[in-house]
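Peer 1: 3D, please:
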Amino acid sequence: MASASPQASPDANLQETRSSRPITVPDFLSARSRGVRLTMLTAYDYTMARLLDEAGVDSILVGDSLGMVVQGNANSLSVTLDEMIYHTKCVARGVRRALVIADLPFMTYQVGPQQALESAGRLIKEAQAQAVKMEGGERAAELVAAVTKADIPVMGHIGLTPQSIHRLGGFRVQRDEDRLVRDALAIEQAGAFAIVIECVPADLATRITSLVKIPTIGIGAGVGCDGQVLVVQDMLGMYHDLHPKFVKQYADVGTVVRRAVATYCQEVKKSQFPTDETSFH
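Peer 2: Below you'll find the predicted structure:
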């Protein structure tokens, strides 16, 4: 996994990416020592996964955020394991290079180590994920350890954990330094290969990163993490139900789609489409 030259154009980077070998868990673990910043985006279907993979993202997260951006729910709590398996299968078919990581959804691992192992095993065996992600710090350490002992790579997730929104009182910045440090160290000790840090003050996320040897992936946690992750619908301007401060919108795909569909509807109603060129004779 070579880091791109600062002077390289996006097109040059794309060509380099297409010839690169697949990203692995050991690549994540060695990224910091190689000076490589890790990139991760979400995807939930074959088409988007293929585009992200071809563009050079290091990892694709099939997140339970699909409950919001795909299913239209207010949160991710209703997503089932079968739904995660379905969407992860679709994503895996579109990926040649990126590391595919799947979320373990709410109440598919919290009951105990055996449930966590069985759920994670299904995502690896049936859905072709290469790793799973589990929310929680100290409280999840036993579960993470049980899964990693079965040689299933686990990415941890601390800070704002969306499956805990009722306890946390909503999507709020997490500032309890002592607890967050304990959470990160517990997840590392349990065998996780990386940790997502969500909605944590930048200086605190930087300190956590300095205390653990495994890479940290920030989302709303500043530039001091080893990598970054965003929900793809947020960064492409396709989802407007929430407006997190930490999102940078890199394109306005939503407006492009609305304009294209409006033009299509207008042309059909005026008999301007299909034309002679798009008809069979």
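
Peer 1: residue contacts, V144?
Peer 2: A116, M134, V154, G156, I187, A190, G191, A192 (C-beta atoms under 8 Å, 6 or more residues apart in numbering). In this view, the C-beta of every residue, glycine as well, is placed from N, C-alpha and C.

Peer 1: now do 10 Å
Peer 2: Neighbouring residues of V144 by C-beta atoms under 10 Å, 6 or more residues apart in numbering: 109, 113, 116, 120, 132, 134, 136-137, 152, 154-156, 186-192.

Peer 1: out of those, list just those in helices.
Peer 2: P113, A116, A120, A186, I187, E188, Q189 (DSSP state H).

Peer 1: quick one on the thing from earlier: drop anything exposed from the contacts of V144.
Peer 2: Neighbour-count burial (16 or more other C-beta atoms under 10 Å) applied to these gives 109, 116, 120, 132, 134, 136-137, 152, 154-156, 186-188, 190-192.

Peer 1: quick one: contacts for the most centrally placed residue in the chain?
Peer 2: Taking C-alpha atoms, centre = their mean, the centroid of the chain lies closest to L61, which sits 3.1 Å from it. Contact analysis of L61 by C-beta under 10 Å, 6+ apart lists 40-44, 91, 98-103, 129, 131, 133, 155, 196, 217, 219, 229-232.

Peer 1: how close does it get to A129?
Peer 2: 10 Å (C-beta to C-beta, to the nearest Å).

Peer 1: can you count the residues close to L29?
Peer 2: 15 (other C-beta atoms under 10 Å).

Peer 1: in terms of helices and strands, where is it?
Peer 2: In this assignment (DSSP states H and E), L29 forms part of helix 25-34.

Peer 1: can you name the next helix or strand after that helix?
Peer 2: Using DSSP H and E, the helix or strand that directly follows helix 25-34 along the chain is strand 38-42.

Peer 1: what's the mean pLDDT across that next one?
Peer 2: Averaging pLDDT along strand 38-42 yields 98.

Peer 1: which residues touch the helix or strand following it?
Peer 2: Counting by DSSP H and E, the next helix or strand C-terminal to strand 38-42 is helix 46-55. Residues from elsewhere that reach helix 46-55 (C-beta under 10 Å, 6+ apart): 10, 13-14, 17-18, 22-23, 39-43, 57, 59-60, 62, 87-98, 100, 232-233, 236, 238.

Peer 1: among those residues, name the buried ones.
Peer 2: For these, buried by 16+ other C-beta under 10 Å: 17, 23, 39-43, 57, 59-60, 62, 87-92, 94-95, 97-98, 100, 232-233, 236, 238.

Peer 1: so of these, which ones are in strands?
Peer 2: T39, M40, L41, T42, S59, I60, V62, V100 (DSSP state E).

Peer 1: using TSV, lay out those together with distance to T255.
Peer 2: What follows is those, written out as TSV (distance: C-beta to C-beta, whole Å):
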residue	distance to T255
T39	25
M40	25
L41	20
T42	21
S59	28
I60	25
V62	26
V100	30
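
Peer 1: would you point out the most distant pair within these?
Peer 2: The distance between the two most remote of those (C-beta to C-beta) is 15.8 Å, for T39 and V62.

Peer 1: what about V229, which helix or strand?
Peer 2: Using DSSP H and E, V229 maps to strand 227-230.

Peer 1: circling back to that earlier point, of the ones in helices among the contacts of V144, which is the nearest to V253?
Peer 2: The closest of these to V253 turns out to be A120 (C-beta to C-beta; 32.7 Å).

Peer 1: residues touching the closest one, list them.
Peer 2: Contacts here follow C-beta under 10 Å, 6+ apart; on that basis A120 touches 81, 102, 104, 108-109, 129, 131-134, 143-144, 146-148, 150, 152-154.

Peer 1: rerun at 6 Å
Peer 2: A120 makes contacts with V132, V147, I152, as judged by C-beta atoms under 6 Å, 6 or more residues apart in numbering.
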